[in-house]
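> Let's see this in three dimensions:
(chains A and B)
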Amino acid sequence: MQSVTVDGVDFAYGSGELILKDVTIDIRNPQLISIIGPNGVGKSTLIHCMNRILTPRKGTVMVDDVNVEEYKVKELAKKMGYVPYSANDTFPLTVVDTILMGRNPHRKWKSLHDDMQVVKEVLEMMDITPLAMRPFNELSAGQHQRVMLARGLAQEPEILLLDEPTANLDIRHQMDVIRLLKQLSVKRGIVVIMISHDLNIAAKYSDNIIMMSEGTIYAVGKPVDVITPESVKAVYGVDTDVVLSDGRPHMMIRDHGFSEEDAATPEGSTVSGVTTSGMNG
Amino acid sequence: MSGGEDIEVQYTHHVQRRLIFIAFCTLGVILVAGFSLTINGRGIGFLECYEYIINHILGTEYPFRSDAWFDDYVLWNTYVPRIVMGILVGCGLAVCGVAMQSLMNNPLADPYTVGISDGACFGAVAAIVTGFSLSSVMGSMGVVTNAFVGGLIPAMIIVLLSSIVRLSPATTILIGVAMSYIFSGLETTIMMTADADTLKEAYLWQIGTLNGMTWERCYIPMILTIVGSAFLMYSSKNLNLLSLGDSSAKSLGLNVDQFRTLCMLIVAFLVASLVSFVGVIGFVGLVAPHLVRMLLGGDNKFVMPASMMLGSLFVLFADLLSRVLIYPGELRVGLIISMIGAPIFLYMIVRKKKGYGEVF
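Okay, here's the model as predicted:
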C-alpha cells in the first residue's frame, strides 16, 4: 500500500526565512486528503518537497518507505503525479499532445497507440473530448484546469498531488472533479493529496485534512476534528459557525468585520435585462 | 471536433498535415537550391545541375578538361559547397532557435542568446587585428579557430555557472546579454587599435556570407549540425515537457537541470561552429521557429524538422537574392537575411494576437 512520510522537514529558499518548519506527516493507504491553510503558509512548498521538485534543507521525505532522493526521476514520476495550479502555455500544443505528456514516465518505443487509449479514457473522464484537437492556449481557465487534471490522470500515478484543482472551475465542474478524485482514491486505490481553499468542499469530501499555519502543521485528522470554529479562528482569524451535515462539518462565516453600514445595498442600485428564464428584477 | 470522428484518426490527420508541410518546405529547398545553382557562369540549367550532382555522387567521370568535366568541377567545388553550407546554416540555426526557446521558455530566445555571436566576433576580430590565433595554422583557419573558441567562451561560462548556481531561464538570458556586452566591448577596444583596411576586414567578417565556401570548410559544421540536430530532434519530447515549466517537467520524469545543460552545450558547439565559418547570420533562429509555430502549433516533434527546412529555405533564398540583386556583384547573405527577417518578424509579432495557434 502507498505511503508518503514527511519527517522533520525544514525548507527555505537559499538562506532565506524558513517556509516549512519541522513538518512531520505520515500518510498511508488510499484516501482523499486536503491540505488547507491561508495563503503563504507553505502548502504548495510542502507538496513540492513531497515530489522532489524542491529539496528540503532538513528532514526526509519517503515514498513507499523509500527516500525520494533514492528514486530515479522517471521511477518517481511513475509513482507520483503532480497537477500544478496553473499551466505554462508559451508554446501551446493541442489538448491531446498536452495530455500525452502525462505518458512520459511510461514512454516506450512505439507506445503511441496504447497511450492514445489512455488519453481517450481521461478525456472522457474529464468531459473534454470535444476539446481534444483544440490548441491548449485557446481554452478558458476552467478548461485549462481540466486538461491539466487529465494530464495528471494520464500519468497513472499511485499518488496524485494537486495544487488547487478546483480553482477556476464552475460549481458543476468543481463537483465533478471532487467526485472523480474521490472515486480515484476508492476505486483505483490512489492516494490523492490536494490543496484546497474551499473548506466546505474539503470538509465534505476529504477522508482526512491537514491544516497548516505559518509553515507548520496546525491540525491533522478527520474533517470533523480539524474544522472547528476554534481552529478556523486560530489559523484564518475568521469567526465561523460550524454545523454538522451528514456527519461532516459545514462552515458558515459570521460577519467578518462587516458593519450594517458596510453591508447595506447602495440606494437605487438595480439591474435589469432580457432573460431566458423569465427571472428579472 | 468533427462529429464523432475518432481522436486517434484525427490525430493521425493532424500528424499527416504536418508531414506534408515539412515535405513542401523540403521541396522548396530543392527548388531554390536548384535556381541558385543555375547562376554558375557556365550556362548549366536547373535539371542539368542536379544531374551533374547525382552523377558526381555516383562516381561518374568525364573526359579530362572536357566541357562536362569543367561543368562538374565548377559546380561541385564552387557552388555545391555554398548550397550545402546554406542548408547547414539554415538547419543549424533554426534547430538551435527552437531548442533555445524551449530551454529558456521564452519565444524571444535565439541561438545567440547566450552571447555566442559576440564571443565569436571578438575571437575573429582578435585574430584579424592582432594576428593572434589559437590555431597553429594562420590565415583564414586561424580566424575560424579563434571565432569558434570565442563563441564557446560565453556559452561555457553560462553552462558552468548554471552547474554551480541554479539559474532560472530568465537569469540565463540576462547573463547572456551581459556576456554579449562584455565581448562587444572587448571587440570594440581591439578594433580601435586597427588601421582602416584591417578595420574593414574585421567589420566585414561579422556580416555572414557563404561566398567562397569550400568543402573543407563544410566538414566541421556538417558533422556538428548532423549530430546536434539529431540529438535535439530526438529530445523534442523532452523539450515539449520543458515548455510546461520546470516543475511540471520534473514531475513528469525529466531531469531538468541535466537536460538543460546538455542541450546548451550542444547548441553552443553547433552555433559556434557555424558562426566561425560563415560569420553572424541573425534572425533565422527566430523567424523560422516563429513562423512554423504560427502554422503548425507548438509540438517540437514537428516544429524542429519544419523549422530546419524553413530555415534552410530562408537562407538559400536570401543567398540567391544576395547573388542576383547587384549581379555580377554580390551582397552578403547576413545583410539580406536581416533586411528580410526583421520585417517578417515585426509582422508576425503584430499579427499574432494570442500566442500561437495552428492554421495548417
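
> Now name the helix or strand holding B:V271.
Assigned by DSSP states H and E, B:V271 falls within helix B:256-278.

> That helix and chain A, any residue contact?
No: between helix B:256-278 and chain A, judged by Cβ under 8 Å from any Cβ of the partner chain, nothing touches; the nearest distance is 8.8 Å. Using the backbone N, CA and C atoms, a C-beta is placed for each residue, glycine as well.

> tell me which residues in that helix are buried?
Buried residues in helix B:256-278, defined by neighbour count with 16 or more other Cβ atoms under 10 Å in any protein chain shown: B:256, B:259-261, B:263-264, B:266-278.

> If you drop the residues flanking it in sequence, what lies closest to A:K222?
In space, and not counting its chain neighbours, A:K222 is closest to A:N208: 6.3 Å by Cβ to Cβ, 6 or more residues apart in numbering or on different chains.

> so what's the one you found scoring on pLDDT?
Per-residue confidence at A:N208 stands at 96 (pLDDT).

> for B:E358, same thing?
You'll see B:E358 listed with a pLDDT of 44.

> Same question for B:F345.
Per-residue confidence (pLDDT) for B:F345: 82.

> Please work out how many residues are found near A:S44.
By the criterion of other Cβ atoms under 10 Å in any protein chain shown, A:S44 has 21 neighbours.

> ditto for the one 3 residues further on
When neighbours are defined as other Cβ under 10 Å, A:I47 has 24 of them.

> now do the one 5 residues further on
Using other Cβ under 10 Å, A:R52 is surrounded by 20 other residues.

> Could you report the separation of it from A:I99?
According to Cβ to Cβ, to the nearest Å, A:R52 and A:I99 sit 23 Å apart.

> Same check on B:V275?
In terms of Cβ to Cβ, B:V275 sits 39 Å off from A:I99.

> Tell me where the model's unsure across the stretch 151-281 of chain A.
Within the stretch 151-281 of chain A, the stretches with pLDDT under 70 are A:281.

> can you do 80?
Scanning the stretch 151-281 of chain A for pLDDT under 80 picks out A:255-260, A:262-263, A:279-281.

> and whichever residue of it sits closest to chain B, what does it touch?
Using Cβ to the nearest Cβ, the single residue of the stretch 151-281 of chain A nearest to chain B is A:Q155, 7.0 Å away. Applying Cβ atoms under 8 Å, 6 or more residues apart in numbering or on different chains, we find A:Q155 in contact with A:77-78, A:81, A:102-106, B:252.

> Next: A:G215.
Applying Cβ under 8 Å, 6+ apart, the residues near A:G215 are A:18-21, A:23, A:41-42.

> Then B:L254?
By Cβ under 8 Å, 6+ apart, the contact list for B:L254 reads A:73, A:104, B:238, B:241-242.

> Can you tell me which of those end up in helices?
Members of the contacts of B:L254 lying in helices (criterion: DSSP state H): A:73, B:238, B:241-242.

> between the residues you listed, which is nearest A:P223?
Closest approach to A:P223 among the ones in helices among the contacts of B:L254 (Cβ to Cβ): A:V73, at 34.7 Å.

> OK, now which residue of the stretch 51-200 of chain B is nearest to chain A?
Proximity of the stretch 51-200 of chain B to chain A (Cβ to the nearest Cβ) peaks at B:N105, 5.6 Å away.

> what sits up against whichever strand or helix holds B:I336?
Counting by DSSP H and E, the element that carries B:I336 is helix B:333-351. Helix B:333-351 is contacted from outside by B:86, B:207-210, B:278-284, B:286-287, B:290-291, B:294, B:314-315, B:318-319, B:321-322, B:325, using Cβ under 8 Å, 6+ apart.

> Centre of the chain to that helix, how far?
The chain centroid and the centroid of helix B:333-351 are separated by 15 Å under Cα atoms, centre = their mean, to the nearest Å.

> Report the inter-axis angle for it versus helix B:256-278.
On the basis of axes from the mean of the first three to the mean of the last three Cα atoms, to 10 degrees, helix B:333-351 is oriented at 140 degrees to helix B:256-278.

> tell me which residues in helix B:333-351 are buried?
B:333-338, B:340-341, B:344-345, B:348.

> and of those residues, the nearest to chain A?
Proximity of the buried residues of helix B:333-351 to chain A (Cβ to the nearest Cβ) peaks at B:M348, which lies at 14.5 Å.

> can you tell me how far that closest one sits from B:V287?
8 Å.

> got it, and A:E17?
From A:E17 across to B:V287, the span is 45 Å (Cβ to Cβ).

> Same question for B:V89.
Taking Cβ to Cβ as the criterion, B:V89 is separated from B:V287 by 13 Å.

> what about the two, which has more around it?
Neighbours per residue (other Cβ under 10 Å) separate B:V89 from B:V287, with B:V89 holding more: 30 against 26.

> Please, which helix or strand holds that one?
Short version, using DSSP H and E: B:V89 is in helix B:80-104.

> Run the chain-centre distance for stretch A:3-23.
20 Å.

> out of everything not next to it in sequence, what's closest to A:K58?
A:D10 (4.1 Å).
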